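Engineer: no FASTA, just this:
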């Protein structure tokens, strides 16, 4: 991988700017695959008014860098980015941006999906939702573990 970036931040991100950064000066790139996660206004049949994301500074960035390193070893990617927001967020806010580039689309698609599946299980983030019933911590989903296990079986 020629270029990678990991950011954990409170500020929003500009998708077009991030894609420009991924591609700049790399004319061999023929595909850019992206994922943008946003805050939903409902989860587990309850209205979500806001969400607070917490992380373990330093440890979180290292976990995200490791995910990109593993993705680079598995896929033919040219560049990749993970940006994850922390702090208070509201419905429709962007939470996460994951992107991978490659010469051809399949490797970019696979790498981006892999990055998100591993991020959901390996990155130390904690989510607390503000609902009409009160605040609640969001538990990990079994489907996230299943998605990660699928990649492990493909090794």
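Structural biologist: Structure received. These numbers come from a predicted model, not from an experiment. Numbers count the residues shown, from 1 in each chain.
Engineer: what packs against the helix or strand of the chain with the lowest mean pLDDT?
Structural biologist: One helix or strand of the chain scores below all others by mean pLDDT, DSSP states H and E: helix 142-153, with a mean of 86. Helices and strands touching helix 142-153, by 3 or more C-beta pairs under 8 Å, 6 or more residues apart in numbering; DSSP states H and E, are helix 105-122. Just so you know, the C-beta spots here come from the backbone N, C-alpha and C atoms, and that holds for glycine as well.
Engineer: Run the chain-centre distance for the helix it packs on.
Structural biologist: 8 Å (C-alpha atoms, centre = their mean, to the nearest Å).
Engineer: Tell me which helix or strand comes right after that helix.
Structural biologist: strand 125-131 (DSSP states H and E).
Engineer: For that following strand, buried residues please.
Structural biologist: 125, 127, 129-131 (16 or more other C-beta atoms under 10 Å).
Engineer: how about the helices of this structure, start to end?
Structural biologist: 15-23, 59-74, 105-122, 142-153 (DSSP state H).
Engineer: and those helices, which is most packed in?
Structural biologist: Of all these, helix 105-122 has the most neighbours on average by mean count of other C-beta atoms under 10 Å, namely a mean of 20.
Engineer: the inter-axis angle of it versus strand 125-131?
Structural biologist: Relative orientation of helix 105-122 and strand 125-131, computed by axes from the mean of the first three to the mean of the last three C-alpha atoms, to 10 degrees: 80 degrees.
Engineer: For helix 105-122, name the packing helices and strands.
Structural biologist: strand 31-38, helix 59-74, strand 79-85, strand 94-102, helix 142-153.
Engineer: which residues are contacting the first one?
Structural biologist: When contacts are defined by C-beta atoms under 8 Å, 6 or more residues apart in numbering, strand 31-38 is touched by residues 15, 19, 22-23, 92-105, 107-109, 111-113, 115-116.
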